[in-house]
Structure formats: structure tokens, C-alpha cells
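with the input below, show me the fold.
(one chain, ligands or ions: 1)
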Amino acid sequence: MDSRFDLTGKLAIVTGGAGGIGTATTRLLARHGATVLITDVNQIAIDTALAAFEAENLKVFGFNTDVSDEIATVKFFDEAEKLHGTADILVNNAYQGIHSPPHLTPLSEWERVLKTSITSYFLYAREFSKRLIAAKRTGQLVNISSIAGSSGIGRGNFAYSAAKGGVNQLTRELAIEWARSGIRVNAIQPCSVNTPGWRKWIESEGERGQALIENLLRGIPLGRVAEPEDIASAVHFLVSDASAMITGVVLPVDGGNLVFNAGGTLGNYSS
Ligand code: NAD
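As a prediction, the model looks like this:
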């Protein structure tokens with residue numbers, strides 16, 4: 001194995017670590033030697049994920065804490081530091097979305113989405129970097145964004161998209177702020193990912209579900225939605241020494257979705 005991918009001795013935090021992408025990312029980082037702390041608000045999902053990690057002998061610990069709550073976040077970082085030391089890696093991944101017509105959406109819902117999907121990213125980044133900078137240590141931060149942060153997707157996703165656009169810009173700004181402290185900051189933009197949450201959403205669309213999948217696939221040149229492991233391997237690369245010269249990048253992991261114009265034609269048209 002290329003030792004630059006080895007994470008032995010590293011401590012990682014994955015928010016929303018009991019969800020689809022969070023679980024896959026946690027598993028991959030732990031398989032490469034990291035100790036991983038997952039934060040989530042779904043205790044049943046935390047217990048299920050921890051049982052699976054334990055069966056694989058992976059070093060993963062769960063914390064039931066709300067990423068959008070500042071006091072809870074500071075408390076989590078203090079406790080994590082006391083129990084496990086200073087974290088080397090942070091993956092901001094937890095989020096909450098909404099499917100709601102903009103003209104009928106209450107302010108409280110807009111605020112809930114922004115608090116969980118971008119404010120939490122700042123809070124975790126602040127607590128993570130503060131400790132690294134004080135200890136004069138380097139670190140790696142990856143923000144899970146979405147293609148919705150760069151192009152409009154409709155279907156009542158406007159608050160989620162606004163948060164993800166903010167995550168992209170937050171990534172670039174933090175990369176500049178912390179470059180000379182040795183903290184690299186990058187983001188990943190997935191297209192649709194085959195997670196339990198994504199499948200539940202398709203199911204909730206009832207009869208429109210199949211048409212929705214076909215519509216999504218038409219926009220993805222590689223012809224399939226992503227698997228959680230596709231996102232996890234990009235995270236692994238970005239938190240490892242193999243990407244030592246990369247910071248401030250917002251990387252699509254989307255099968256070509258973002259570069260494909262809706263009016264474009266796939267394949268060798270001229271032959
Ligand atoms: P998921 O719903 O499976 O997991 C999200 C996890 O976050 C859940 O376990 C949930 O309990 C947790 N969570 C929610 N609110 C929280 C809070 N306040 N505090 C702590 N934990 C909280 O979602 P997923 O599909 O794995 O998505 C993960 C990331 O990937 C998100 O940032 C999402 O925007 C991004 N993404 C997903 C897709 C997709 O199609 N699944 C596409 C593009 C981007």
C-alpha cells in the first residue's frame with residue numbers, strides 16, 4: 001500500500017456519521033487506521049452503526065450531539081479531546097434539507113436548514129481548527145457539499161442549495177485563512193447518492209419516483225447515481241497525505257453531472 005494513504009494514529013471526527021455517506025466514510029477511514037468519532041442525533045442509527053463497526057474491529061466511538069447547537073458542539077470537542085486527544089481530521093457531513101415551495105416556506109424552516117447545513121459546518125470547523133492552531137499541529141478538513149451548491153435543481157430545494165453554495169465558499173475562505181497553519185480545507189460535491197435517505201425520498205415521491213430517477217440519470221454522463229463508497233474514497237484521498245498539495249478545492253463526485261449542459265448530447269454525435 002502507498003503509505004501516504006495510511007491514517008494510522010490519526011483521530012477523525014465525522015458529523016452525521018450514522019447516516020449513509022457518514023457510515024461509509026467512517027468505515028473507510030477506520031479501515032485505513034484512523035480512530036473515528038461519529039456525531040449524530042439519531043441514537044438508533046448510532047447504535048446500529050457502532051455494532052457494525054465493532055463487528056469489523058474498527059475503532060469508532062459514537063456521540064449523540066446536535067451539530068447546530070453551539071454549546072453542545074463546544075462540549076463535544078472538550079469531551080472528545082479529554083478522551084481521545086486533538087482531532088487531526090474533520091468531515092462536516094450532517095445536514096437537514098427541505099422540499100418546500102419558496103413562496104410558502106416559513107422562516108423557521110429556512111433557518112433550520114441553514115443552521116444544520118452550513119452554520120454547523122462553521123461551528124465544527126472553528127472548534128477543530130482552534131485546537132490545532134493552539135497546539136501548532138496540522139489537520140485536514142473536508143466539507144460534504146452537493147452539486148446543488150453550484151447549479152439549481154428545483155423541487156423545493158432552494159434553502160438546501162443556498163446552504164451548499166455557502167459551504168463551497170466557506171471551504172475556499174477557510175482554505176486561505178488556515179493554509180499557513182497547515183490545515184487543508186476541501187469540499188466534495190456529490191450528485192445523487194444511493195443512501196437510505198435518498199431511497200426514502202424517491203419512495204416518498206410515489207408514482208413520480210421512477211420518472212425522477214430517469215430524469216436524474218439523464219443528467220449524469222456516467223449513467224448511474226453515486227454509491228456512498230464513491231464519496232468515502234474521495235474523502236479518504238482528501239484527508240490523506242496523498243493530497244498534500246491540494247487545498248481550497250470543491251471536487252464534484254458526480255459522474256460528470258456538473259459539466260454536462262442540459263442541452264448537451266452524450267456520445268460520439270458526429271460519427
Ligand atoms: P443521511 O440522511 O443518510 O445522513 C445524515 C445524518 O445526519 C443522519 O444520520 C442524521 O441523523 C444526521 N443529522 C441530521 N441532523 C443532525 C444534527 N442536527 N446533528 C447531528 N446529526 C444530524 O444523509 P446522506 O445522504 O448520507 O448525506 C450526507 C451528506 O451528503 C449531506 O451533507 C448531504 O447534503 C450530502 N449529499 C447527499 C446526497 C445524496 O443523494 N444522498 C447528494 C448530495 C450531497
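
and the helices in the stretch 51-200 of the chain?
70-84, 107-114, 120-134, 158-178, 196-204 (DSSP state H, counting those that start in this stretch).

these: which one's closest to residue 247?
helix 158-178 (4.5 Å; CB to CB). C-beta coordinates here come from the backbone N, C-alpha and C atoms, glycine included.

angle of that closest one against helix 120-134?
If you take axes from the mean of the first three to the mean of the last three CA atoms, to 10 degrees, helix 158-178 sits at 10 degrees to helix 120-134.

out of the helices of the stretch 51-200 of the chain, nearest to residue 42?
It's helix 196-204; of the helices of the stretch 51-200 of the chain, that one is closest to residue 42 (CB to CB) at 10.8 Å.

quick check: buried residues in that closest one?
198, 201-202 (16 or more other CB atoms under 10 Å).

the next helix or strand after that helix and the ligand, are they touching?
Once the chain leaves helix 196-204, the next helix or strand it forms, by DSSP states H and E, is helix 208-218. No. Contact of helix 208-218 with the ligand (CB under 6 Å from any ligand atom) is absent, the minimum separation being 9.3 Å.

in helix 208-218, what counts as buried?
Quick answer for helix 208-218 (16+ other CB under 10 Å): 216-217.

what do you get for stretch 29-47?
Quick answer for stretch 29-47 (16+ other CB under 10 Å): 29-30, 32, 34-41, 45-46.

using CSV, write down the CA coordinates of it.
Included here for stretch 29-47 are C-alpha records, laid out as CSV according to Å, rounded to 0.1, in the frame of the first residue of the first chain:
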residue,chain,number,x,y,z
LEU,A,29,-11.1,6.0,7.3
ALA,A,30,-11.1,3.4,10.2
ARG,A,31,-10.1,0.6,7.8
HIS,A,32,-7.1,2.8,7.0
GLY,A,33,-6.1,3.0,10.6
ALA,A,34,-7.9,6.1,12.0
THR,A,35,-9.8,6.2,15.2
VAL,A,36,-13.1,7.8,14.3
LEU,A,37,-15.6,9.8,16.5
ILE,A,38,-19.1,10.0,14.9
THR,A,39,-21.6,12.6,16.0
ASP,A,40,-25.3,12.2,15.2
VAL,A,41,-28.7,12.9,16.7
ASN,A,42,-30.3,9.6,15.8
GLN,A,43,-29.4,7.2,18.7
ILE,A,44,-30.8,4.1,17.0
ALA,A,45,-28.7,4.8,13.9
ILE,A,46,-25.6,5.4,16.1
ASP,A,47,-26.2,2.1,17.9
